[in-house]
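Asker: Predicted model follows, preceded by the sequence.
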Amino acid sequence: MIKIKDITFNDPLTIASGIIPDVPNYVTTVCERYKPSAITTKTVTLNPLGPHKPPTVIKLHDGIYMNAIGLGNPGAKAINEINVSCPLIVSVGGASINEIKEVVKVIESKAKIIEINVSSPNRKGYGESLSTLIGDIVENVKSVTRLPVFVKLGPWDNVVELAGRALEKGADGFTLINTIRGLIVDIETFKPILYYGTGGVSGRCLYPVALRIIRDVYEEYGVDIIGVGGVYDWTDVIGMLAVGAKLVGLGTVLIEKGFSIIEEIRKGLQSYLFEKGLKFEDIIGISVRR
């Protein structure tokens with residue numbers, strides 16, 4: 001069993017933000033059929049936000065994608081239409097501190113954990129654009145909710161510093177990491193393939209970067225972390241736990257292999273723990289503590 005604040009999770013396997021469509025019945029089906037320990041919603045803003053024009057997603061290699069959907073979402077009120085037994089981690093965003101604060105007020109009754117997205121690189125004025133305001137954002141969000149507040153940060157050189165600012169203002173933990181900004185050019189037109197131009201690179205190539213950043217933040221602060229980035233099998237989950245993650249988000253692997261991979265990864269974890277005589281709690285942070 002894994003605990004974050006007063007929330008208990010049977011295992012570390014969660015679904016990362018941006019994977020499940022904004023359809024309540026779809027969320028319910030995934031929860032009931034595949035039983036992830038938690039589901040993270042797509043980032044919602046106060047009002048509906050249209051996605052960028054296509055193409056918004058391209059496959060670079062097996063297990064590696066680049067996207068610039070641009071935080072397209074149906075608005076915060078849509079979260080209130082979701083009724084599931086799985087804990088919801090609600091990802092919130094906005095173009096200002098006040099908007100993010102208002103989103104939290106709208107979705108609070110449905111969330112178990114609030115995840116503030118200040119790391120998406122795919123919409124000017126949102127996400128990463130607000131990362132320098134992280135202390136003020138956390139302070140404002142904490143003023144309107146008693147729920148655990150996590151902050152999703154990107155693969156930046158100053159991530160440990162930003163994490164410190166968030167903790168000073170009351171953040172309860174972090175989701176690490178978001179995608180890496182990338183670019184692919186069409187060699188016939190010499191223009192970017194994605195309509196937005198740049199996009200967030202996700203998938204297997206992100207794993208060692210995520211592992212390093214999780215370790216750095218955990219080593220510095222010993223805080224609760226949801227690890228995300230390039231997880232493809234149960235050994236990747238163990239690696240993230242070892243450097244300090246308590247929960248692990250599955251993303252690209254679900255796109256490539258489908259939601260049934262959750263049970264396959266779960267069985268791999270259970271076999272490993274049985275063979276070693278360990279519990280999940282024994283592994284969390286073990287690589288950093290040694």
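Answerer: The structure has been received and is ready for your questions. Numbering: from 1, shown residues only.
Asker: Could you use CA atoms for every contact and neighbour count after this?
Answerer: OK.
Asker: what comes up buried for stretch 112-127?
Answerer: By neighbour count with 16 or more other Cα atoms under 10 Å, stretch 112-127 contains the buried residues 112-123, 126-127.
Asker: do the same with stretch 82-94
Answerer: Buried residues in stretch 82-94 (16+ other Cα under 10 Å): Ile82, Val84, Cys86, Pro87, Leu88, Ile89, Val90, Ser91, Val92, Gly93, Gly94.
Asker: Please apply the same query to stretch 40-55.
Answerer: Thr40, Thr41, Lys42, Thr43, Val44, Thr45, Leu46, His52.
Asker: Same question for stretch 69-80.
Answerer: By 16+ other Cα under 10 Å, the buried positions in stretch 69-80 come out as Ile69, Gly70, Leu71, Gly72, Asn73, Pro74, Gly75, Ala76, Lys77, Ala78, Ile79.
Asker: which SSE is the second one in?
Answerer: Think Gly70. Here Gly70 sits in a region with no helix or strand, counting by DSSP states H and E.
Asker: I'd assumed His52 was in contact with it.
Answerer: Yes - at 5.7 Å, Gly70 counts as touching His52 under the criterion of Cα atoms under 8 Å.
Asker: Please enumerate the strands of the stretch 51-200 of the chain.
Answerer: Along the stretch 51-200 of the chain, the stretches classed as strands by DSSP state E, counting those that start in this stretch are 57-61, 64-67, 88-92, 113-117, 149-153, 173-176, 180-182, 199-203.
Asker: thinking again about what came up before, of all the buried residues of stretch 69-80, which comes closest to Val243?
Answerer: Of all those, the one sitting nearest Val243 is Leu71; the distance, using Cα to Cα, is 29.4 Å.
Asker: Quick check: the gap between that closest one and Met240.
Answerer: Distance from Leu71 to Met240, counting by Cα to Cα, to the nearest Å: 26 Å.
Asker: go on, Gly94?
Answerer: 29 Å.
Asker: what does Ile134 give?
Answerer: Taking Cα to Cα, one finds Ile134 at 24 Å from Met240.
Asker: Tell me which of these two has more neighbours.
Answerer: Applying other Cα atoms under 10 Å to Ile134 and Met240 shows that Met240 carries more neighbours, namely 30 against 25.
Asker: In which helix or strand does that one reside?
Answerer: For Met240, the element it lies in under DSSP H and E is helix 234-242.
Asker: do the same with Val209
Answerer: Following DSSP H and E, one finds Val209 within helix 207-221.
Asker: Just the angle for that helix relative to helix 234-242, thanks.
Answerer: 20 degrees (axes from the mean of the first three to the mean of the last three Cα atoms, to 10 degrees).
Asker: Give me the distance from helix 207-221 to the chain's centre.
Answerer: 15 Å (Cα atoms, centre = their mean, to the nearest Å).
Asker: Same question for stretch 14-31.
Answerer: 13 Å.
Asker: what does it rub up against?
Answerer: Applying Cα atoms under 8 Å, 6 or more residues apart in numbering, the set of residues contacting stretch 14-31 from outside is 36-43, 73-74, 78, 81-86, 91, 228, 247-252, 254-255, 259.
Asker: Can you list which of these are found in helices?
Answerer: In helices, defined here by DSSP state H, the members of the contacts of stretch 14-31 are Thr252, Leu254, Ile255.
Asker: Just give me the closest of these to Lys279.
Answerer: Looking across those and measuring by Cα to Cα, the closest to Lys279 is Leu254, at 25.2 Å.
Asker: For that closest one, give me its contacts.
Answerer: If you count contacts by Cα under 8 Å, 6+ apart, Leu254 has them with Ile19, Ile261.
Asker: quick revisit: of the buried residues of stretch 40-55, which is the nearest to Lys152?
Answerer: Nearest member of these to Lys152, counting by Cα to Cα, is Thr43, at 10.8 Å.
Asker: separation between that closest one and Pro51?
Answerer: 12 Å.
Asker: Show me the common contact partners of those two, please.
Answerer: Common neighbours of Thr43 and Pro51 (Cα under 8 Å, 6+ apart) are Leu71, Asn73.
Asker: Any idea how many residues pack against Glu102?
Answerer: By other Cα under 10 Å, the residues close to Glu102 number 19.
Asker: Which residue comes closest to it once chain neighbours are left out?
Answerer: Excluding its sequence neighbours, the residue lying closest to Glu102 (Cα to Cα, 6 or more residues apart in numbering) is Leu46, at 6.9 Å.
Asker: for Asn178, same thing?
Answerer: Nearest to Asn178 is Gly154, by Cα to Cα, 6+ apart, at 4.6 Å.
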